[in-house]
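Undergrad: below are the sequence and a predicted model; questions follow.
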Amino acid sequence: MLLRKIEDFLRATGMPWTKFGRMVAHDPRLVGDMRNGRNPGPDLVSRIEFFMPHHQEANHAL
């Protein structure tokens, strides 16, 4: 479910998955690893869920 939200976010923003990983977790392989079965811990899940709506709001404000 979280990966689906990330994929939707990436499609909507045009952000490369490596940049998303860098910005959220300082890990450019985050999304690729999740696509291969990685399950992020609760702290990382919280950061991801916080990042996506706030990043979109910042882009709409420009």
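TA: Structure's in. What do you need?
Undergrad: which residues sit against whichever strand or helix holds residue 44?
TA: Assigned by DSSP states H and E, residue 44 belongs to helix 42-61. Residues outside helix 42-61 that contact it (C-beta atoms under 8 Å, 6 or more residues apart in numbering) are 2, 5, 6, 9, 12, 13, 23, 24, 25, 40. Every C-beta, even on glycine, is put in place using the N, C-alpha and C of the backbone.
Undergrad: any regions of the chain where pLDDT drops low?
TA: Scanning the chain for pLDDT under 70 picks out the ranges 57-62.
Undergrad: if you set the cut-off to 80 instead, what comes out?
TA: Low-confidence segments of the chain, defined by pLDDT under 80: 56-62.
Undergrad: how close does residue 42 get to residue 2?
TA: Applying C-beta to C-beta, to the nearest Å, the value for residue 42 to residue 2 is 11 Å.
Undergrad: typo on my end, residue 29
TA: To residue 2, residue 29 is 16 Å away according to C-beta to C-beta.
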